[in-house]
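Undergrad: Predicted model and sequence below, questions to follow.
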Amino acid sequence: MKVSIYLILETILLVCLVVWFYLAKPGADPLTIWICLAIFYAYFLLAFVSPTTVVDGRPSYLSFRLGFLTFSYLLYFSPYQEYVLGLDRLGFSFYVRDTFRENSNLAVIAATIGVVAFCSGVRSARRRASAPAGGEGWRISPTLSWVAVPFLMMLLGLYFAMGWRSSGEGSYTQTASGGIVADGAVVMILMLCMLIVARAVILLAARRRLDPFTALGLVLSLWWALRLLSFGDRNSFILILMAGAVAASTYLLRMSRLVLVGGFVALLVLYNAVEIYRQQALQPGASLSDAFAMSQAEDSDRESSFNITTIALRATFDLAPAEHNYALGLYKLVGVLGAVPFVRGIIFGDSLEYDTTAAALTDFVLPPDAGWSVGTGIISDFYLDFGILGVGLGLFLVGWIGGAVERYARRNPRAETPALIYCLSVALFAELPRYAADFPVRIVAWALLLAWFAKLVDASRRKAHGRLQLRRGDA
């Protein structure tokens with residue numbers, strides 16, 4: 001009954017916020033911003049003091065809600081917090097001429113709708129989760145490492161043999177090559193690295209030794225993560241790191257809130273340092289150590305890429321529906337089809353004006369010869385497809401999916417596949433505010449497919465072993 005009351009109150013709050021969105025005046029109203037900040041801080045505090053428990057009564061603070069809210073704050077609330085405290089940078093940008101400052105009220109209200117809807121969805125899916133069962137041992141696939149690690153080695157070998165460099169690691173040094181094939185290979189490599197790192201931690205939690213393939217895969221995964229970081233791809237680095245951290249926090253260690261805050265601060269310092277490093281990547285003698293030193297210095301004229309995402313959200317409300325009709329789910333369909341390689345190209349070819357919300361926003365915000373993308377965000381992604389109602393309903397569904405994954409892991413507390421999907425999903429959902437809604441689909445779908453294949457091999461081996469034992473018995 002208590003959760004039902006929460007759901008009713010959150011529904012009323014969402015209705016009020018949607019009405020407020022339609023009635024909001026242009027500009028950046030301090031009262032509007034403070035109210036939205038108060039709502040956000042209430043949800044953030046609730047997530048921070050309410051750990052998730054998946055197995056053995058071990059509390060974990062690295063949860064769906066806290067990860068999503070942390071990135072949401074950096075992208076959608078922090079600039080407005082600075083504004084109401086006297087640091088007015090809403091009109092500041094080195095890279096974008098029009099910062100769409102007049103849409104600040106709409107942006108902060110839409111972000112608040114997204115936060116409330118997401119948290120409500122998580123809570124709705126979690127409420128029927130059964131208590132973790134005790135006494136059962138871990139169910140670990142003996143085949144998964146023997147499938148995942150050789151696959152990783154094959155992809156890495158192909159990647160380097162072909163001389164590819166994906167857009168994620170090559171865009172900042174203007175050395176990208178290989179096109180969509182290279183980008184697809186890198187997404188697959190990222191999935192394998194996240195899975196292998198999380199699985200290594202889960203094996204330790206299950207008191208199993210790391211087999212040679214898992215140990216090799218762990219070394220390759222960490223090496224790949226550091227390599228991506230050296231090329232400026234901090235988001236992929238953090239995803240690999242977070243997959244292991246979620247596994248450790250949920251299944252292996254008890255991480256206090258103090259450790260969590262310390263880790264977040266360290267990641268933020270690293271994030272800012274890599275931001276500076278990649279901005280200087282084309283300059284001779286650029287080094288990451290110099291970037292760390294510069295990140296600690298006072299530099300009010302430096303612009304973070306977070307600001308580009310913030311500006312892109314404000315631009316969203318000028319783009320649709322005035323300049324571009326709502327896509328009515330087309331962007332979501334294109335994104336989900338990306339889980340199957342090359343299907344999007346076969347179905348749509350070159351018939352689409354824009355195949356992603358990032359492409360639509362980039363064309364609207366930047367001049368044609370810009371040579372780079374403003375990207376997108378989860379709020380912009382749903383809004384450009386369905387409007388403000390789509391933001392609320394879409395993020396409720398996304399939150400519900402996250403809560404369902406958590407419930408799945410709770411009901412199977414010592415099963416390897418639910419644990420792996422949970423760890424990967426929490427890491428992916430944490431960065432979801434900065435990406436399109438389909439961002440986790442390929443990685444989670446491919447991880448499930450790999451785990452399913454390993455189970456088939458395990459079942460086949462058990463049957464073969466059973467037949468062999470039967471023959472020996474007959475003999």
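TA: Alright, I've got the coordinates. Because the structure is a prediction, the values reported are computed rather than measured.
Undergrad: Contacts only, for Arg442.
TA: Counting by C-beta atoms under 8 Å, 6 or more residues apart in numbering, Arg442 makes contact with Val187, Met191, Gly338, Ala339. The way it works is simple: take the backbone N, C-alpha and C, and place the C-beta from them, glycine included.
Undergrad: Figure out the helix or strand that the second one lives in.
TA: In this assignment (DSSP states H and E), Met191 forms part of helix 179-205.
Undergrad: For that helix, buried residues please.
TA: 182, 184-205 (16 or more other C-beta atoms under 10 Å).
Undergrad: Repeat that for stretch 341-352.
TA: In stretch 341-352, counting by 16+ other C-beta under 10 Å, buried: Arg344.
Undergrad: contact partners of it?
TA: Stretch 341-352 has contacts (C-beta under 8 Å, 6+ apart) with Ile180, Gly184, Leu330, Val334, Leu337, Gly338, Asp355.
Undergrad: First-to-last residue distance for it?
TA: 18 Å (C-alpha to C-alpha, to the nearest Å).
Undergrad: can you give me the mean pLDDT across it?
TA: Averaged over stretch 341-352, pLDDT sits at 79.
Undergrad: what bits of the stretch 101-250 of the chain have low per-residue confidence?
TA: For the stretch 101-250 of the chain, applying pLDDT under 70 flags the ranges 127-136, 170-175.
Undergrad: follow-up on the earlier one: selection in ChimeraX covering whichever of the contacts of stretch 341-352 are buried, please.
TA: In ChimeraX syntax, the buried subset of the contacts of stretch 341-352 is picked out as below (16+ other C-beta under 10 Å):
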select :184,334,337,338,355
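Undergrad: So which of the contacts of stretch 341-352 belong to helices?
TA: Among the contacts of stretch 341-352, DSSP state H puts Ile180, Gly184, Leu330, Val334, Leu337 in helices.
Undergrad: Give me the three-state assignment for Leu352.
TA: When classified by DSSP: H, G, I helix; E, B strand; the rest coil, Leu352 comes out as coil.
Undergrad: One more: Leu62?
TA: Leu62 ends up coil, using three-state DSSP.
Undergrad: Could you report the neighbour count for it?
TA: 22 (other C-beta atoms under 10 Å).
Undergrad: Check Leu87 too.
TA: Close neighbours of Leu87, defined as other C-beta under 10 Å, add up to 12.
Undergrad: Next: Thr309.
TA: Thr309 has 23 nearby residues by other C-beta under 10 Å.
Undergrad: Who are the packing partners of the host helix or strand of it?
TA: Applying DSSP H and E as the criterion places Thr309 in helix 305-318. With contacts taken as 3 or more C-beta pairs under 8 Å, 6 or more residues apart in numbering; DSSP states H and E, helix 305-318 sits against helix 78-84, helix 104-126, helix 357-365, helix 378-386.
Undergrad: buried stuff in the first one?
TA: Put plainly, it is helix 78-84. Within helix 78-84, the residues scored as buried using 16+ other C-beta under 10 Å are Ser78, Pro79, Tyr80, Gln81, Tyr83, Val84.
Undergrad: now it: how far from the chain's centre is it?
TA: Put simply, helix 78-84 sits 24 Å off its chain's centre (C-alpha atoms, centre = their mean, to the nearest Å).
Undergrad: contacting residues around it?
TA: Defining contact as C-beta under 8 Å, 6+ apart, one finds that helix 78-84 is touched by 28, 30, 33-34, 36-37, 88-90, 104, 108, 306-307, 310.
Undergrad: which one of those residues has the most neighbours?
TA: Neighbour counts for the contacts of helix 78-84, by other C-beta under 10 Å, peak at Val108, which reaches 29 neighbours.
Undergrad: what's around Leu222, how many residues?
TA: The burial count for Leu222: 18, using other C-beta under 10 Å.
Undergrad: Run through the residues that contact the residue nearest to Gly375 when sequence neighbours are not counted.
TA: Spatial nearest neighbour of Gly375, chain neighbours left out: Ala358 (5.1 Å); criterion: C-beta to C-beta, 6 or more residues apart in numbering. By C-beta under 8 Å, 6+ apart, the contact set of Ala358 is Ser373, Val374, Gly375, Thr376, Ala436.
Undergrad: Can you check what angle separates the host helix or strand of Ile443 from helix 179-205?
TA: Per DSSP H and E: Ile443 is located in helix 441-474. Helix 441-474 and helix 179-205 meet at an angle of 50 degrees, taking axes from the mean of the first three to the mean of the last three C-alpha atoms, to 10 degrees as the criterion.
Undergrad: buried set for helix 441-474?
TA: Neighbour-count burial for helix 441-474 flags Val441, Arg442, Ile443, Val444, Trp446, Ala447, Leu450, Ala451, Ala454, Val457 (criterion: 16+ other C-beta under 10 Å).
Undergrad: Find the nearest non-adjacent residue to Gly403, please.
TA: Nearest non-adjacent residue to Gly403 (C-beta to C-beta, 6+ apart): Ala125, at 2.8 Å.
Undergrad: what does Gly335 give?
TA: That would be Asp438: by C-beta to C-beta, 6+ apart, it lies 2.8 Å from Gly335.
Undergrad: Doesn't that neighbour lie inside a helix?
TA: No: per three-state DSSP, Asp438 lies outside any helix segment and is coil.
Undergrad: Now for it, how many residues are close by?
TA: Neighbours of Asp438 (other C-beta under 10 Å): 18.
Undergrad: contacting residues around it?
TA: By C-beta under 8 Å, 6+ apart, Asp438 lies in contact with Lys332, Gly335, Val336, Gly338.
Undergrad: In contact with Arg208, which residues are there?
TA: Trp138, Ile140.
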